[in-house]
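Peer 1: coords below, sequence missing:
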Ligand SMILES: NC(=O)c1ccc[n+]([C@@H]2O[C@H](COP(=O)([O-])OP(=O)(O)OC[C@H]3O[C@@H](n4cnc5c(N)ncnc54)[C@H](O)[C@@H]3O)[C@@H](O)[C@H]2O)c1
């Protein structure tokens, strides 16, 4: 059982607390920190939390607290992590870990030096569909992963600070690209080194300094590519979709919008529909149990189980740091309009990754490239002669 200090009473603090308390869950938020006394008190009352305070130090240092959950704007992550480390508390931090890789590295080094438990709260690699899909990949169901595409788009975030670059550290690339990059990394293999990136990012619609749309490719050492597509100006709700292409199979995941639950309402009395839903009337696309479907429940389950068992959880500060390094390279690429290397301060995966290319033997003389049944029912084989390298076709 974990006793938690929740730092932040905004959107994600609320979701995290609903998920943590769950349905008769044994883990509890025992203290909450808010800048504002009244908001802290209201949050505590709503969630049945015994203590609230406007002192971050007090919330973290409370003797009943085992773990600190950081649900604060990006510019406060580093300070909250360092305070938790000073108090010797385990710490779970929301995404993105840092506003840049430099901040993330300071946080990573601090938790590791102090030997405190740490988790990177990347919920979207814990959605029930993603967990099942990752198992399929692990079991070899799709062969070797060649390409993983992840898309997160919505009409833009809900608070002023996201739109203010000094506080947030960046625009949609940082805010949502971090999810997509870590999803692709999970599918391709977290032990495969990300080598270089190519990224386009632009401010197309909103009057802000940071980018509101971005696309990018992350090339991994074995040749696989992670592709991300993010937008703060997409209309119609929140679109969370992933695709995995492997040598032996394909996975399509739709996590949120139009997943098979649709209501038509002329009266518009549904109330809250789902995160970033744009309409309350007409056809609407609610979500059954949002904290489960967005991965929060499985994420905390993994993290608290790891904390209790004294082992590492699936997503650690090291993962958050790698994602920040990839995003820093993306920002460099968006400027230079060229492939830019990912510079990792420390690499903990494979030193040499096996290339994806696999040779399937047809017979002693030929490699098989592919076979296909033609409209007349014949089978066509495309073969490569081993000695000469000549490509030929055979109809059988
Ligand atoms: N799916 C996810 O994992 C997910 C979703 C949303 C947000 N987040 C992350 O959670 C963090 C918080 O986002 P949010 O959506 O809860 O934001 P929010 O604006 O809804 O809430 C922010 C909270 O921090 C408090 N705060 C303290 N100091 C502040 C300051 N100087 N400026 C502004 N607010 C201050 C606010 O009062 C509020 O309680 C961010 O890092 C964001 O990236 C993660």
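Peer 2: Great, that's in hand. Everything numeric here is computed off the predicted structure, so don't read it as measured data. Residues are numbered from 1 along each chain as shown.
Peer 1: Is any residue of the longest helix seen in the chain near the ligand?
Peer 2: Counting residues, the longest helix found in the chain (DSSP state H) is helix 317-336. No. Where contact is defined by C-beta under 6 Å from any ligand atom, no part of helix 317-336 touches the ligand; the two come within 11.2 Å at best. Placement of C-beta: from N, CA and C, glycine included.
Peer 1: can you check stretch 277-293 too?
Peer 2: No. On the criterion C-beta under 6 Å from any ligand atom, stretch 277-293 is out of touch with the ligand, staying 10.6 Å away.
Peer 1: Which pLDDT value belongs to the residue in the stretch 201-350 of the chain that the ligand sits nearest to?
Peer 2: Residue of the stretch 201-350 of the chain nearest the ligand, by C-beta to the nearest ligand atom: residue 294 (6.4 Å). On the pLDDT scale, residue 294 is placed at 97.
Peer 1: shouldn't residue 69 be in contact with residue 2?
Peer 2: No. The pair residue 69 and residue 2 fails to qualify as a contact (C-beta atoms under 8 Å) at a distance of 9.7 Å.
Peer 1: who has more neighbours, those two?
Peer 2: For residue 69 versus residue 2, the count of surrounding residues by other C-beta atoms under 10 Å is larger for residue 69: 29 against 23.
Peer 1: Would you enumerate the residues in contact with the more buried one?
Peer 2: The neighbourhood of residue 69, defined by C-beta atoms under 8 Å, 6 or more residues apart in numbering, consists of 4-7, 13, 16, 20, 29, 92, 94, 121.
Peer 1: Quick one: mean pLDDT for the helix or strand containing it?
Peer 2: Using DSSP states H and E, residue 69 sits in strand 67-70. Mean pLDDT, taken over the full extent of strand 67-70, equals 98.
Peer 1: ok, now stretch 112-121?
Peer 2: Here the mean pLDDT over stretch 112-121 is 98, rounded to a whole number.
Peer 1: roughly how far is that stretch from the heart of the chain?
Peer 2: Counting by C-alpha atoms, centre = their mean, to the nearest Å, stretch 112-121 is centred 18 Å from the centre of its parent chain.
Peer 1: Can you list the buried residues in that stretch?
Peer 2: By neighbour count on 16 or more other C-beta atoms under 10 Å, the buried set for stretch 112-121 is 114, 116-121.
Peer 1: Check stretch 73-93 too.
Peer 2: Under 16+ other C-beta under 10 Å, the buried positions of stretch 73-93 are 73-78, 80-85, 87, 89-93.
Peer 1: circling back to that earlier point, name the member of the buried residues of stretch 112-121 with the shortest distance to the ligand.
Peer 2: residue 121 (5.9 Å).
Peer 1: Contacts only, for the spatially closest residue to that closest one that is not a sequence neighbour.
Peer 2: Nearest residue to residue 121 in three dimensions, chain neighbours excluded: residue 94, at 4.6 Å (C-beta to C-beta, 6 or more residues apart in numbering). Residues touching residue 94, when contacts are defined by C-beta under 8 Å, 6+ apart, comprise 12, 16, 69-72, 77, 121.
Peer 1: Kindly report the same for residue 264.
Peer 2: When contacts are counted by C-beta under 8 Å, 6+ apart, residue 264 touches 282-284.
Peer 1: Tell me how many other residues crowd the residue in the stretch 51-200 of the chain positioned nearest to the ligand.
Peer 2: Scanning the stretch 51-200 of the chain for the residue nearest the ligand gives residue 159, at 3.1 Å (criterion: C-beta to the nearest ligand atom). Using other C-beta under 10 Å, residue 159 is surrounded by 12 other residues.
Peer 1: and if you look at residue 358?
Peer 2: Residues lying near residue 358 (other C-beta under 10 Å) number 10.
Peer 1: Pretty sure it sits against residue 223.
Peer 2: No. Between residue 358 and residue 223 no contact is recorded; they are 11.7 Å apart, counting by C-beta under 8 Å.
Peer 1: Check whether the strand or helix carrying residue 230 comes near the ligand.
Peer 2: With secondary structure defined by DSSP H and E, residue 230 is part of strand 225-231. No. Strand 225-231 stays out of contact with the ligand when judged by C-beta under 6 Å from any ligand atom, the minimum separation being 13.0 Å.
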